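**Q** below are the sequence and a predicted model; questions follow.
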Amino acid sequence: MATFLSTQHEAGLRHLVLLDVADGHHVAAAAAAGTNVFGKLPLSLVFGYQHIADDLVTLGLAQTVPGGYSPTDAGRRALTNIDALAEAAARRTPDSGPVAVIGVAREPVFYSAVLTQLVDMSDVLVVDPYLGADDVRVLARITSVSPVLTGPRPVRDRNEKSLESRHQHLALAAGAQPSLEVRLTTAIHDRYMLPSEGAGLMLGASLGGSKVTTAVELSEDATADHRSTFDAIWADADPVDPIVAPE
C-alpha cells in the first residue's frame, strides 16, 4: 500500500515525533533538509517550508501547543504506518504475507492511503454496508472504481435520518458521476475493495468512519474468490437511480 504524505511533510512530522514539541521554523528546516537532522541551509529555503507545520495541523497530524507544535496520536500512528509499510516493501517476496495498516478510517493519511491504492487497481468493486454519500462522491472521481455495493440502512453519523434519506443522498452522490453504479443489498457485512485482477483490500470499518481500524491486503486468489461472490450479490442488488443536478 502507498502512503499519502510528501517527503517534506514526513520529515517535518518525524522532527515533531522526535522532539515532541518544536517551533515552526525548526519544522520547516527539517522539512527542507528532508530529514530530522539538519545543518546549514539558506534561510530562503527554510522560509519556503514554513507552511509544513500548519499543513500537519490541517491534516490532523499535529497540534499547536505552547512553544510551537506537537504531534497528535494520529500523527504518531501515521509515522508508524509509514515505517511499517516501508519495511514490508523492502522485505516483500512473492510468498510474503499480507500488508496491514492501522488507523482511523477518516484520518487523511489512512483515507488517502486506501484511495491511492485504488488508483492502481482495475475495475474495483467497493463493498461497504455503511458507505457514506460523501465517500461515494470521492470514489466517483477514481476512474478505476466502477460498481459500489452498499446497504440501505441509514448511517447516523452521516446525517441520514431514514431509509428514504439515505437513498436520496446516495442517488445524488451517484449523479455526480453517472458511470458509477451504486446498488443496495442487506446481504453484506464486511468491507472490501475488490479489483477484477490482482490483490484487493479488506477494511475492518467503513471508509470515512471514526473508529480505529485495519486495512489488510488480500492475496490475489482470495481477491478473485471474494470478487466472484460479491459479483453474484451485485447482480441481485437493488440499483440506485442517480439524480443528476441540472446544469
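**A** Yes, it's here.

**Q** pretty sure His169 is touching Lys161, no?
**A** No. Assessed by C-beta atoms under 8 Å, His169 is found out of contact with Lys161, at 10.2 Å. Placement of C-beta: from N, CA and C, glycine included.

**Q** so between the two, which is more surrounded?
**A** Between His169 and Lys161, His169 has the larger neighbour count (other C-beta atoms under 10 Å), namely 22 against 10.

**Q** what about that one, which helix or strand?
**A** helix 163-175 (DSSP states H and E).

**Q** could you dump that helix to PDB, C-alpha only?
**A** Taking Å, rounded to 0.1, in the frame of the first residue of the first chain, the C-alpha atoms of helix 163-175 are listed here in PDB:
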ATOM      1  CA  LEU A 163     -34.200   4.800   4.600                       C
ATOM      2  CA  GLU A 164     -35.500   7.400   2.200                       C
ATOM      3  CA  SER A 165     -32.900  10.000   3.300                       C
ATOM      4  CA  ARG A 166     -30.100   7.600   2.700                       C
ATOM      5  CA  HIS A 167     -31.400   6.500  -0.700                       C
ATOM      6  CA  GLN A 168     -31.700  10.200  -1.800                       C
ATOM      7  CA  HIS A 169     -28.200  11.000  -0.600                       C
ATOM      8  CA  LEU A 170     -26.700   8.100  -2.400                       C
ATOM      9  CA  ALA A 171     -28.700   8.900  -5.600                       C
ATOM     10  CA  LEU A 172     -27.300  12.500  -5.600                       C
ATOM     11  CA  ALA A 173     -23.800  11.200  -5.000                       C
ATOM     12  CA  ALA A 174     -24.200   8.700  -7.900                       C
ATOM     13  CA  GLY A 175     -25.400  11.500 -10.100                       C
END
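
**Q** which helices and strands sit right next to that helix?
**A** The helices and strands touching helix 163-175, judged by 3 or more C-beta pairs under 8 Å, 6 or more residues apart in numbering; DSSP states H and E, are helix 133-140, strand 181-184.

**Q** out of these, nearest to Gly67?
**A** Gly67 sits nearest to helix 133-140 of all the helices and strands packed on helix 163-175, at 36.1 Å, using C-beta to C-beta.

**Q** what comes up buried for that closest one?
**A** Ala133, Asp135, Val136, Arg137, Val138, Leu139, Ala140 (16 or more other C-beta atoms under 10 Å).

**Q** I figured the fifth one hits Leu115, correct?
**A** Yes. With contact taken as C-beta under 8 Å, Val138 and Leu115 are classed as touching, separated by 7.0 Å.

**Q** which residue ranges form the strands in this structure?
**A** 62-65, 68-71, 100-104, 124-127, 145-150, 181-184, 191-194, 201-203, 212-217, 238-239 (DSSP state E).

**Q** let's have the ones you listed in a markdown table, adding distance to Asp225, mean pLDDT and mean neighbour count.
**A** Formatted as a markdown table, the strands of the chain follow (distance: least, C-beta to C-beta, whole Å; pLDDT from 0 to 100; neighbours: other C-beta atoms under 10 Å):
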| stretch | distance to Asp225 | mean pLDDT | mean neighbour count |
| --- | --- | --- | --- |
| strand 62-65 | 42 | 92 | 16 |
| strand 68-71 | 40 | 92 | 22 |
| strand 100-104 | 19 | 71 | 20 |
| strand 124-127 | 13 | 94 | 26 |
| strand 145-150 | 16 | 90 | 22 |
| strand 181-184 | 20 | 92 | 20 |
| strand 191-194 | 10 | 92 | 25 |
| strand 201-203 | 12 | 88 | 22 |
| strand 212-217 | 15 | 80 | 19 |
| strand 238-239 | 24 | 92 | 12 |
